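# no sequence on this one, just coordinates:
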């Protein structure tokens, strides 16, 4: 890129939020937008085939393949953290599940002093983004770019799980994103005609032909260019060459909860002591950059199924593989079109909870976490996570090298509430698996196994086997307290021309999967950016 080129907006990161920003801001033909993505284009068929995330979750090409630092509360384990590295970011490799969270999540944000972020105020942006095959209503949109689809054919194992949940007192629901989240049912997915609908597919693909939008892939942002306390550009590595782009409007960080704070710290914006320890000149002391890290920790209970009805049975048979391949090719349906986790449940695990505090992902498949190899037997998985953890961690650079992954520490299960909830979540999963409706399908509990029955044993299982469900958030949190990084309009405190628009700006983690909220945040940010620039 020639050094004299200037843009109105530079978006760093083409993930769930970044694709929205680039597409929406470039709708104005007089606005020049540059989108920088460190990964390659999203050309792999495994990205677009819904079940393909079993491959991309371990890909060296399309996945950052991060690992946390040894976690003292997880017996010193390093937890694998997959993050998308391609156009679409994590929306190109995730489980496709469309969940918004609970009304109370956003009302809590507002109660913390974040005006404009209550549920009633963010709902219009969810609706704007959504193209639900069921049509529009008070909670849903039918004309937005992000396609939302039903799974389609019911699965007898998922039906048995829902019935088992009902026998445990949990009502059946057909909409986790309606008036009430609580219940057991089928997820809706970000798919369309049997293909993944990532943020790149939904937003970026229709915008790519615009002459005022420039997309640079394999362009790794290394540092912000600052003039005093104003962001005026971005330096980035591309093809081994350091490039730079200038910005006359705003730089918008959408690199995610790991790399947005990393880039701020590399640019001299963050905790002064950390920066000085690496010889970085402090441009602006902002102690909250990289702090407040939150994530959903999942416990995976795996079962051998007593009937050959699981995806394992199909994938472990050449005839089964041919059948599901033809089913997708001819009908755009079947296991290849819906991914792995079809069923879900939001429920209260602790007796004092007044709203759902855990979430299930029910997979008609079981596989090793290390590499994703499908088990040789008929299997299924009940994954369960705490929705609103108290545990807090951090992201901190290790050096001035932008290619070196930062220190990542979630401090999972570091509070008494999180430990109690994890144990209660495993017990809740077991209760549903042991319900009468499930008995025809449960041959044996493989993990944790019947030998783990005490609370102490179950907590040890959680520490030894718990893993991320891919929702790190909060490391550039919105607010006005001493650790807040951005204000309610997502502008970085103390720095002009700079916003953070991704899950790192969440003050607290939402009760569910984070892709839809990340897209909502970007839709809302576009309106704020235009308003602040006097554009209507």
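Received, thanks. Remember, it's a predicted structure, so these values are computed and weren't measured experimentally.

# ok, the closest residue in space to residue 67 that isn't next to it in sequence - contacts?
In space, residue 67 comes closest to residue 78 once its chain neighbours are excluded; the distance is 4.5 Å by Cβ to Cβ, 6 or more residues apart in numbering. (Each C-beta comes from the backbone N, C-alpha and C, glycine too.) For residue 78, the set of contacting residues under the criterion of Cβ atoms under 8 Å, 6 or more residues apart in numbering consists of 67-71.

# surely residue 525 is in a strand?
No - Residue 525: not assigned to a strand; according to DSSP: H, G, I helix; E, B strand; the rest coil it is helix.

# pretty sure it is touching residue 21, no?
Yes - using Cβ atoms under 8 Å, residue 525 is in contact with residue 21, at 6.7 Å.

# who's more crowded, those two?
Ranked by neighbour count (other Cβ atoms under 10 Å), residue 525 and residue 21 place residue 21 first, with 29 against 26.

# for residue 200, see how far away the more buried one is.
Taking Cβ to Cβ, to the nearest Å as the measure, residue 21 and residue 200 are separated by 13 Å.

# quick one: low-confidence parts of the chain?
Within the chain, the stretches with pLDDT under 70 are 1-4, 370-371, 536.

# neighbouring contacts of the longest strand seen in it?
Across the chain, the longest stretch assigned as strand under DSSP state E is strand 241-253. Applying Cβ under 8 Å, 6+ apart, the set of residues contacting strand 241-253 from outside is 1, 3, 5-13, 18, 21, 34, 36, 219, 222, 224-225, 231-237, 260, 263-264, 476, 497-502, 525, 529, 533.

# quick one: buried residues of that strand?
Judged by neighbour count (16 or more other Cβ atoms under 10 Å), strand 241-253 contains these buried residues: 243, 245, 247, 249-253.

# and if you look at stretch 250-264?
Using 16+ other Cβ under 10 Å as the burial criterion, the residues of stretch 250-264 that qualify are 250-264.

# and what of stretch 294-306?
294-305.

# next step: those residues restricted to strands.
Using DSSP E, the members of the buried residues of stretch 294-306 that fall within strands are 297-305.

# distance to residue 175 for those residues - can I get that in TSV?
Output for these, formatted as TSV (distance: Cβ to Cβ, whole Å):
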residue	distance to residue 175
297	26
298	23
299	26
300	26
301	26
302	28
303	27
304	32
305	28
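
# now the strands for the stretch 151-300 of the chain?
Listed in chain order, the strands found in the stretch 151-300 of the chain under DSSP state E, counting those that start in this stretch are 183-186, 188-189, 191-192, 195-196, 213-216, 219-227, 230-238, 241-253, 269-270, 284-285, 297-305.

# select, out of those, the one closest to residue 491.
Checking the strands of the stretch 151-300 of the chain against residue 491 by Cβ to Cβ gives strand 241-253 as the closest, at 8.6 Å.

# can you list the strands that the closest one pairs with?
strand 6-12 (parallel), strand 230-238 (antiparallel), strand 498-500 (parallel) (DSSP bridges).

# what about it, distance to the chain center?
Relative to its chain's centre, strand 241-253 lies at 25 Å (Cα atoms, centre = their mean, to the nearest Å).
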